[in-house]
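# build me a model:
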Amino acid sequence: MNRIETMEERTVLFGKYETGRLLGKGTFAKVYYGRQIETNESVAIKVISKEQVKKEGMMEQIKREISATRLLRHPNIVQLKEVMATKTKIFIVMEYVKGGELFAKVAKGKLKEDQARKYFQQLISAVDFCHSRGVSHRDLKPENLLLDENGDLKISDFGLSSLPEQLRNDGLLHTQCGTPAYVAPEVLRKKGYDGSKTDIWSCGVILFVLLAGFLPFQDENIMKMYRKVFKAEFECPPWFSTEAKRLVSKLLVSDPERRITIPEIMRVPWFRKGYTRPLAFSPPPASSDKSFDEDFGSTAPAPADAANHKSQSPNFFNAFQFISSMSSGFDLSNLFESKRKAGTMFTSKCSSAAIMAKIEHAAKALSFKVGTVKDFKLRLQGPNEGRKGRLSVTAEVFEVAPEVAVVEFSKSAGDTLEYAKFCEEDVRPALKDIVWTWQGDGNKVDGEE
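Below is the predicted model of the structure:
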């Protein structure tokens, strides 16, 4: 029996989600209201046709949206909960944000300064978090800013976002994208741009719109509008406070090198009024790959069996996860699973207990604190405060076969660059005695030439 029951019959997906009313639709996707059956939690489920995505040439955009959103766990960013797929469809399960678009609120007229400041503070906090993870949104506008039931802002739609691997040799992005009224002048110049600086420009346009109720750069002729953008030619309405006017004028600077930075924004007295920095969420649980079982013949035990043997052996690693993560001979990226970075996963022929003991020994040698999260899963915390606090890493052992285990490292907190250094310079040498193959190294055994 197919584990995806049709929308018309029972509206149940994979036995986990019940789908409801249609929330919206686009060229190749429909978004439904959904309910997690076990927890009764409301979710939004984006259903994407693979055939239409390929026809429209949007495959990379969908993959990028999934990859970017997986990296971002912040109170002011719409959360990705799970990605599932069949041979014909992709299902992206997202946090359900029921307050609608910020655009609808702005369309009724300008906001009071305190309310505009609150939304701008939340926007800057979320954008700063994106940039710290190497993600530039590139399409920030009120239509992509949602409000939850508490009236808090949530950034959505990372379809045009950029990741570090999209940078050219000059360290810049070159794709023209975004919405004309919100796009930065350097994007229009076609000479390459820094995605994080263009996001700041868009934030400036958004702040102006929130306070004014209309756009800073307007003209019926699109070329005339672009000329105004190039020159940063705009006027603040008389009701802007002096402090707000000063901040907008520092955000909407045509030269990206002279434009205010996020650390500088956060030091502006107007911005700091009533501001408290939100805490980022912990990483999401590993996404379910049950939807791929039929295609790849996974022999993973049923959930009940796994629970009964929890303390005796590590979790069984899904066959799809193993093939897509470890084998350089299989390119399964068209199934839209985000690629893991090299150096975060390896196979070993040692016993799970031996692997755990070796990781604990190596971590303590690096002065990391070691704690057990659950059976066959460790939490490692770095000794020093980094750019984003102390580096916190989880290490989990999965069983692939009686003689083979997969070990996965993932960052729980801290700076991404510090985590990359930890994986490449600290973990690899310390664990070389128990490693069979590192992810991304193909079939080469660690230590072989």
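
# in a strand, that's where residue 127 is, yeah?
No: looking at residue 127 with DSSP: H, G, I helix; E, B strand; the rest coil, it is helix, so not inside a strand.

# is it true that it touches residue 199?
Yes: proximity of residue 127 to residue 199 meets the contact threshold set by Cβ atoms under 8 Å, at 5.4 Å. For the C-beta atoms, the positions are set from N, CA and C on the backbone; glycine is no exception.

# next, show the common contact partners of the two.
Taking Cβ atoms under 8 Å, 6 or more residues apart in numbering as the contact criterion, the common neighbours of residue 127 and residue 199 are 137, 140.

# give me the contacts around stretch 409-416.
With Cβ under 8 Å, 6+ apart as the test, stretch 409-416 has contacts from 132-134, 280, 282-283, 344-345, 379, 382, 386-396, 419, 423, 427.

# same thing but at 6 Å, please
Taking Cβ atoms under 6 Å, 6 or more residues apart in numbering as the criterion, the residues outside stretch 409-416 that touch it are 133, 283, 344, 386-389, 391-395, 419.

# buried set for that stretch?
Of the residues in stretch 409-416, those buried by neighbour count under the rule 16 or more other Cβ atoms under 10 Å are 409, 411, 412, 413, 414, 415, 416.

# now stretch 227-245
Residues of stretch 227-245 classed as buried by neighbour count (16+ other Cβ under 10 Å): 229, 232, 234, 236, 240, 244, 245.

# now the residue nearest in space to the middle of the chain: which helix or strand?
For the chain, the residue whose C-alpha lies nearest the mean C-alpha position (Cα atoms, centre = their mean) is residue 69; its distance is 2.2 Å. Taking DSSP states H and E as the criterion, the element that holds residue 69 is helix 59-71.

# what element comes up after that helix heading to the C-terminus?
Along the chain past helix 59-71, the next helix or strand (assigned with DSSP H and E) turns out to be strand 80-85.

# how far does the lengthiest strand in the chain sit from the chain's center?
In the chain, ranked by residue count with DSSP state E as the criterion, the top strand is strand 389-401. Relative to the mean C-alpha coordinate of its chain, strand 389-401 is positioned 19 Å out (Cα atoms, centre = their mean, to the nearest Å).

# mind listing what's buried in it?
390, 391, 392, 393, 394, 395, 396, 397, 398, 399, 400.

# and the next helix or strand past it?
Using DSSP H and E, the helix or strand that follows strand 389-401 in sequence is strand 404-413.

# which parts of the helix or strand just after that next one are buried?
Of the helices and strands lying after strand 404-413 in sequence (DSSP H and E), the nearest is helix 416-421. Applying a neighbour-count criterion of 16+ other Cβ under 10 Å, one finds 416, 418, 419 buried in helix 416-421.

# distance to residue 151 and pLDDT added to those, as TSV?
Converted to TSV, those look like this (distance: Cβ to Cβ, whole Å; pLDDT from 0 to 100):
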residue	distance to residue 151	pLDDT
416	31	84
418	35	87
419	34	88
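
# ok, those vs residue 358, which is closest?
Within the set of the buried residues of helix 416-421, residue 419 lies nearest residue 358; the separation is 19.8 Å, counting by Cβ to Cβ.

# show me what contacts that closest one?
Counting by Cβ under 6 Å, 6+ apart, residue 419 makes contact with residue 411.

# how much space separates it from residue 132?
Noted for residue 419: a distance of 12 Å to residue 132, by Cβ to Cβ, to the nearest Å.
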